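1. sequence and predicted structure are below.
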Amino acid sequence: MSSQNPTQAYAHPIARPRFDLYAILMRYRLWFFLGPPLLVTLVLLVVPLVILLQYSFFTHVPGKGMVFVFTLDNYVKFFTDTYYLTGTLITLGTGALISVATLIVCYPVAFYYARSHFRYKGLILVLLLAPFYVNIIVKIYGWMIILGRTGMVNQFLLAFNIMSRPYDFLESYIGIIIILVHVQSPIMVLSLIGPLQNISDSLIHTARVCGARDRTIFKDVILPLSMPGVLSGSMLVFAATVAAFIVPLVVGGKIGFQFLSVMVYQQMNTIQNWAFGAAIAVVLLALSIGVVTLYSIILKASKVGVIMSEKFIR
Amino acid sequence: MKNSLGSAALGIYVLIFFVFLLAPVIIIVGISFSDSFAMDFPPKGYSLRWFNYILNRKEFVNAFYVSVIIAIAASVASLVLGILASMAIVRFKFRGKALLESLFMSPATLPTVIIGVALLQFFSVTGFMNSWNRLILGHVIICIPFTLRSISASLYGFDKSLEEASLVLGANHLKTFYKIVLPIVRPGIVVALIFAFITSFDNFTISMFLIDAATITLPIRILTFLQWQFDPSVAAISALLIFLTFVVIMIIEKAVGLGSMAFMRNQ
């Protein structure tokens, strides 16, 4: 019996339970784990995106809707009409503007958090993340109260005679800028804090001992070493701004409707030209993938610099 | 900084920054306690009448229930999918793993409008189901990146020898998963659930494309009220959402610390 079988004599009796559901699944274990999420992602993300791409090449017949005839008209229309080209420029330009503005606004804050020995650092993090997690509609509503025709900013400007009539920030580009900077600031601060915190004190001390002034230390030591945070923060903000939908939909009046994301929504819901809406969506998708790819190439190149400087410290 | 003047200026700047960051939130909370129709801040008198008002408005209460039901369904489903996906990615070696991971993470980086449009067209092609199911499925797909990220973070930090010890000592794989793996990964699961819930509950863009008259979610209800009714009632519901957000942040801070929260958001 089993005692005569030399291989079984050494087998641990309790290492082989009688029923092991997991063991049955072992043979297909990878697919057991991977299958469901992959299936869901394929059906709910990949297939819809393929359909979107396909629709962008279909013909729109006014009054009849979409006809399944191949055409490049949607893209030709997009790239020859100045309205849509202006929209593309506004979308990308706002992305660039917001990422630079947010960087300038947030760098001192991240610097303060990372380099000072403030006692309530945890509080700063809470105050940073609390508005970050408040629903974006709520934030927009708050700004509507502040920036509206009868809002605080206008009351202030009128009281000090800076303006003679209330200015409608909410119908202007300024409103979009203010709200987007507000929405994106926490992301920027969070991406800057990491690299700024990693700068070794001894490095700054060394520079000071060698006679560098504060300005030189900042320009030649701190700023270069914080570049990864600057790049990743501005990438996140740029990508989020290019994809921004709710802010330009609600704020900014006419100029808000020239954001590609809002154009997509209009084509789908108001104008009901699904083929052209799909084409705009594909352009927007290509732009945002392009932005992320470009930044990650730059980021990879800049990481080399960080590793080198870390070697220098040691 | 040695330069005390510069350091004081920096401190003042940081203070101004936080006034800017918190101004909308503080003003909404202030106005929500107003006792009049005026949108003055600070309000002339204080009362709870606007909270009472919104709690008796069917539109708001219904929209809140719709949002909660969809968020619960979407977060539970995306949690299960996230656990499975992160087990596959952390525990197995296979070809195309990096590609699959970025596929699972892509809903967090793709413009949400595009996912919304694509889903709208997909559901119209397939003639698919009522708006409840469409909304839940649409929210599941944008929640998966957040559950995947927080669960794989806790799986990476997991000491595999504990699992091996349990197997050697006679527990089967299922029992080991239940008794050893799950308790250790639990904080990750809690965070994943919270993030998935917030992501779904707050979502505006996907819902905008998939709702119908019966399934108007709370963010969209708030938006329609913003456009038609500019009185403190919206401030009251917004203030409730703000309180909820603060409670959630406190829970996460207590459970796992705020460091893990960075970037767990797409808008």
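-> In hand now; what should we look at?

2. residues contacting residue 141?
-> If you meant another chain, say so; for now it's chain A. For A:Tyr141, the contact set (C-beta atoms under 8 Å, 6 or more residues apart in numbering or on different chains) comprises B:Pro24, B:Ile28, B:Ile222, B:Leu226, B:Val234, B:Ala235, B:Ser238. In this view, the C-beta of every residue, glycine as well, is placed from N, C-alpha and C.

3. chain B, not that one
-> A:Val40, A:Thr41, A:Leu44, A:Leu45, B:Pro107, B:Ile115, B:Leu119.

4. please apply the same query to A:Met152.
-> By C-beta under 8 Å, 6+ apart, the contact list for A:Met152 reads A:Ile145, A:Ile146, B:Ile27, B:Phe41.

5. make it 10 Å
-> A:Ile145, A:Ile146, B:Ala23, B:Ile27, B:Met39, B:Asp40, B:Phe41 (C-beta atoms under 10 Å, 6 or more residues apart in numbering or on different chains).

6. any chance of those residues in a markdown table, with pLDDT too?
-> Output for those, formatted as a markdown table (pLDDT from 0 to 100):
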| residue | pLDDT |
| --- | --- |
| A:Ile145 | 84 |
| A:Ile146 | 86 |
| B:Ala23 | 89 |
| B:Ile27 | 87 |
| B:Met39 | 70 |
| B:Asp40 | 69 |
| B:Phe41 | 70 |
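
7. which one of the contacts of B:Ile141 is nearest A:Phe257?
-> Closest approach to A:Phe257 among these (C-beta to C-beta): B:Ile115, at 20.9 Å.

8. against A:Met144, how distant is that closest one?
-> As judged by C-beta to C-beta, to the nearest Å, B:Ile115 and A:Met144 stand 27 Å apart.

9. neighbour-wise, which of these two wins?
-> B:Ile115 (25 against 21; other C-beta atoms under 10 Å in any protein chain shown).

10. how about the longest helix belonging to chain A: buried residues?
-> Ranked by number of residues, the top helix in chain A under DSSP state H is helix A:274-313. The neighbour-count check on helix A:274-313 (16 or more other C-beta atoms under 10 Å in any protein chain shown) flags A:274-285, A:287-288, A:291-292, A:295, A:306 as buried.

11. which of the contacts of A:Met152 sits closest to A:Val105?
-> B:Ala23 (13.9 Å).

12. which element is the closest one on?
-> Using DSSP states H and E, B:Ala23 maps to helix B:4-32.

13. need the residues that contact the helix or strand just after that helix.
-> Downstream of helix B:4-32, the next assigned helix or strand under DSSP H and E is helix B:49-55. With C-beta under 10 Å, 6+ apart as the contact definition, helix B:49-55 has outside contacts at B:31-37, B:48, B:60-61, B:64, B:225, B:231-240.

14. now list the buried members of those.
-> Neighbour-count burial (16+ other C-beta under 10 Å) applied to those gives B:31-34, B:60, B:64, B:225, B:231-240.

15. restricted to helices, list those residues.
-> Counting by DSSP H, these place B:31-32, B:60, B:64, B:225, B:232-240 in helices.

16. ok so, going back, who wins for most neighbours among the contacts of A:Met152?
-> Most neighbours among the contacts of A:Met152, by other C-beta under 10 Å: A:Ile145, with 23 neighbours.

17. and the residue in chain B that chain A sits nearest to, how many neighbours does it have?
-> For chain B and chain A, the shortest gap (C-beta to the nearest C-beta) falls at B:Pro24, measuring 2.3 Å. The local packing of B:Pro24 (other C-beta under 10 Å) involves 25 other residues.

18. how near is it to A:Val109?
-> Distance of B:Pro24 to A:Val109, given as C-beta to C-beta: 17 Å.

19. which two of the ones in helices among the buried ones among the contacts of helix B:49-55 have the greatest separation?
-> Taking C-beta to C-beta, no two of these sit farther apart than B:Ile31 and B:Phe64, at 20.0 Å.

20. contacting residues for A:Phe169?
-> A:Phe169 makes contact with A:143-144, A:146-149, A:151, A:153-154, A:175-179, A:251-252, according to C-beta under 10 Å, 6+ apart.

21. if you set the cut-off to 7 Å instead, what comes out?
-> Counting by C-beta atoms under 7 Å, 6 or more residues apart in numbering or on different chains, A:Phe169 touches A:Leu147, A:Val153, A:Gly175.

22. which one of the ones in helices among the buried ones among the contacts of helix B:49-55 is nearest to A:Thr94?
-> Using C-beta to C-beta, these come closest to A:Thr94 at B:Ser238, 25.7 Å.

23. phi and psi next, for the single nearest residue of the stretch 151-300 of chain A relative to chain B.
-> Residue nearest to chain B within the stretch 151-300 of chain A: A:Ala243 (3.3 Å; C-beta to the nearest C-beta). Phi and psi for A:Ala243, reported as degrees, to the nearest 10, are phi -90, psi 0.

24. before we move on, what's the pLDDT of it?
-> Per-residue confidence (pLDDT) for A:Ala243: 87.

25. the one 4 residues further on too?
-> pLDDT, the model's per-residue confidence, is 91 for A:Val247.

26. please name the residues that touch it.
-> Residues counted as contacts of A:Val247 (C-beta under 7 Å, 6+ apart) are A:Ile140, A:Ile176, A:Ile179, A:Leu180, A:Val183.

27. ok, B:Ser238 next?
-> A:Val138, A:Tyr141, B:Ile28, B:Ser32, B:Ile222.

28. now do A:Val221
-> Counted by C-beta under 7 Å, 6+ apart, A:Val221 has contacts A:Leu203, A:Ile204, A:Ala207.

29. cutoff 10 Å now
-> A:Ile199, A:Ser200, A:Leu203, A:Ile204, A:Thr206, A:Ala207, A:Arg208, A:Ala212, A:Ser309.

30. the fourth one sits in which helix or strand?
-> The reference is to A:Ile204. Here A:Ile204, judged by DSSP H and E, is contained in helix A:201-209.

31. following that helix, which helix or strand shows up next?
-> Following helix A:201-209 in sequence order, the next helix or strand is helix A:214-217 (DSSP H and E).

32. near chain B at all, that following helix?
-> Yes. Counting by C-beta under 10 Å from any C-beta of the partner chain, chain B is contacted by helix A:214-217 at A:Asp214, A:Arg215, A:Ile217.

33. nearest to A:Ile124, out of the contacts of A:Val221: which one, please.
-> Nearest member of the contacts of A:Val221 to A:Ile124, counting by C-beta to C-beta, is A:Ile199, at 18.4 Å.

34. ok, that closest one touching A:Leu192?
-> No. Between A:Ile199 and A:Leu192 there is no contact, the gap being 11.5 Å when judged by C-beta atoms under 10 Å.

35. point to the residue nearest the middle of chain A.
-> The centroid of chain A falls nearest to A:Ala240 when counting by C-alpha atoms, centre = their mean (3.4 Å).

36. any idea how far that residue is from A:Ile136?
-> A:Ala240 is 11 Å from A:Ile136, by C-beta to C-beta.

37. below-threshold pLDDT in chain B: ranges please.
-> Along chain B, the model assigns pLDDT under 70 to residues B:1-3, B:5, B:40, B:229-230, B:255-267.

38. on the three-state scheme, the residue nearest in space to the middle of it is what?
-> Nearest residue to the geometric centre of chain B (C-alpha atoms, centre = their mean): B:Ile198, 1.9 Å. Following DSSP: H, G, I helix; E, B strand; the rest coil, B:Ile198 is assigned to helix.

39. contacting residues around it?
-> B:Ile198 touches A:133, A:135, B:71, B:75, B:143, B:146, B:244-245, B:248-249, B:252, B:264-265, counting by C-beta under 10 Å, 6+ apart.

40. JSON lines for those residues, including neighbour count?
-> Below are these laid out as JSON lines (neighbours: other C-beta atoms under 10 Å in any protein chain shown):
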{"residue": "A:Tyr133", "neighbour count": "20"}
{"residue": "A:Asn135", "neighbour count": "23"}
{"residue": "B:Ala71", "neighbour count": "24"}
{"residue": "B:Ser75", "neighbour count": "25"}
{"residue": "B:Cys143", "neighbour count": "30"}
{"residue": "B:Phe146", "neighbour count": "30"}
{"residue": "B:Leu244", "neighbour count": "15"}
{"residue": "B:Thr245", "neighbour count": "21"}
{"residue": "B:Val248", "neighbour count": "18"}
{"residue": "B:Ile249", "neighbour count": "21"}
{"residue": "B:Ile252", "neighbour count": "22"}
{"residue": "B:Met264", "neighbour count": "21"}
{"residue": "B:Arg265", "neighbour count": "19"}
